[in-house]
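A.B. asks: Have a look; sequence and predicted model below, questions after that.
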Amino acid sequence: MSADIDIDHVTIRFGDFVAVKDVSLKIAGGEFFSILGPSGCGKTTILRTVSGFLAPTAGTVRIGGKDMAGVGPNKRPTALIFQNLALFPLMSVAENIGYGLRVRGVPGKERRRKADELLSLVALPGSGDKRIGELSGGQKQRVAIARALAVEPQVLLLDEPLSALDLRLRQHMRTELRAIQKRVGVTFIYITHDQGEALTMSDRVAVMNHGVVEQVGDGHAVYDSPATPFVASFVGENNGVSGRISAVADGFAQIDTALGSLKGRAGAGLEPGAAATLFVRPERLRPAAEGIAAMVSATAFEGHLTHVGLSCADGHSLTMSLGRDIGAHALTPGAEVRIGYNPAEAIVLRQEAR
């Protein structure tokens, strides 16, 4: 079973500090939903509020249509996987998985049957008698997931569970987590500051900054059509060039900058004279016969891509990422180039005062 979650105009204060400001999110049952943002943005505070460890200062949290006000963590249809996993080192794997069931008074044989069933689900069959210390980092992650699923939650809350793993294992566990979620069908709310995790695994992503949700959408929408300058700069690498709007027409905006007059898709609220920033991804820049004049300042070879650092006449820096078939090997430090892009692959966003 899975449940939908309705976070309705929730504000959370700690004294004079507002950790979460008027956040509303609707998460569908069975959805893999990530909350993405930098440290201190309020994402873990929201997770703790959904789990019942914090009460909102204002607003309402509903799970499966039921108001959770006054309902403690142990009475909610949720399970929480902590960043440090919190596995019991002196218990066997099966005992760890069955711990929540033991607290509920489930008999030992039934606990073991359930543990073995879940070990098969998370691709660790026959591991029930092992000690936690005998497991790899990825195996411990799977045991933590199995333990959370043992109590049959409708919502699984995950607070940066992959952050302690090395890069290769973290990438592998992204695939594992998504596969497990699809098999069990439980609603997942996943907290992360890693944009790769959020974009790879999620049905939808909420991007947070300073306690506010700035955008909600699927990975393609958040990456290709950021709603705010923060989202544009936080989600993936981006080149930002600031200036003032000179014209807006037919869904495009012209912006006057120190690099010349540039054009991109128009974000919301643009009008002539407004301060704005044009964002274009490094992989969208290309050498061109006409365009922005620049000098190659550095190159970094990364196998399938070469990242080219560019210094422009006014001292503005850009980054261009080229595939192996583009001829990046010819761009050596000191070379003079011109850079272009397709305006449909750039976006102009109004600068926001905070």
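C.D. replies: That came through, no problem. Numbering: from 1, shown residues only.
A.B. asks: what separates the longest strand anywhere in the chain from the chain centre, distance-wise?
C.D. replies: Determined from DSSP state E, the single longest strand within the chain is strand 286-301. Distance, stretch centre to chain centre, for strand 286-301: 31 Å (CA atoms, centre = their mean, to the nearest Å).
A.B. asks: which parts of it are buried?
C.D. replies: Neighbour-count burial for strand 286-301 flags 287, 291, 292, 294, 296, 297, 299 (criterion: 16 or more other CB atoms under 10 Å). C-betas here are computed from N, CA, C, even on glycine.
A.B. asks: what's the nearest residue to the fourth one if we skip its chain neighbours?
C.D. replies: Spatially, and ignoring its direct neighbours in sequence, residue 294 is nearest to residue 310 (4.0 Å; CB to CB, 6 or more residues apart in numbering).
A.B. asks: Okay, and the beta partners of that neighbour?
C.D. replies: residue 296, residue 318 (DSSP bridges).
A.B. asks: residues in contact with it?
C.D. replies: 294, 295, 296, 297, 317, 318, 319, 320, 337, 339 (CB atoms under 8 Å, 6 or more residues apart in numbering).
A.B. asks: quick check, nearest of these to residue 143?
C.D. replies: residue 319 (40.8 Å; CB to CB).
A.B. asks: Contacts only, for the closest one.
C.D. replies: Residue 319 neighbours (CB under 8 Å, 6+ apart): 237, 239, 282, 285, 307, 308, 309, 310.
A.B. asks: now do 6 Å
C.D. replies: 282, 307 (CB atoms under 6 Å, 6 or more residues apart in numbering).
A.B. asks: From residue 220, how far off is it?
C.D. replies: 22 Å (CB to CB, to the nearest Å).
A.B. asks: Give me the pLDDT for the residue nearest the centre of the chain.
C.D. replies: A centroid search over the chain (CA atoms, centre = their mean) returns residue 198, at 3.2 Å, as the residue closest to the centre. In this model, residue 198 is scored at 93, pLDDT.
A.B. asks: repeat for residue 84
C.D. replies: Residue 84 carries a pLDDT value of 76.
A.B. asks: State whether it is indeed within a helix.
C.D. replies: No - under DSSP: H, G, I helix; E, B strand; the rest coil, residue 84 falls outside any helix and is assigned coil.
A.B. asks: so where's the stretch 201-350 of the chain shaky on pLDDT?
C.D. replies: 327 (pLDDT under 70).
A.B. asks: Ok, the stretch 1-150 of the chain next?
C.D. replies: 1.
A.B. asks: Counting neighbours, what do you get for the closest residue to residue 228 other than its chain neighbours?
C.D. replies: What sits nearest to residue 228 in space, not counting adjacent residues and going by CB to CB, 6+ apart, is residue 214, at 4.8 Å. By other CB atoms under 10 Å, 20 other residues sit near residue 214.
A.B. asks: Same check on residue 239?
C.D. replies: Residue 239: 23 neighbours (other CB under 10 Å).
A.B. asks: give me the beta-bridge partners of it?
C.D. replies: Bridge pairing for residue 239 - DSSP bridges - gives residue 280.
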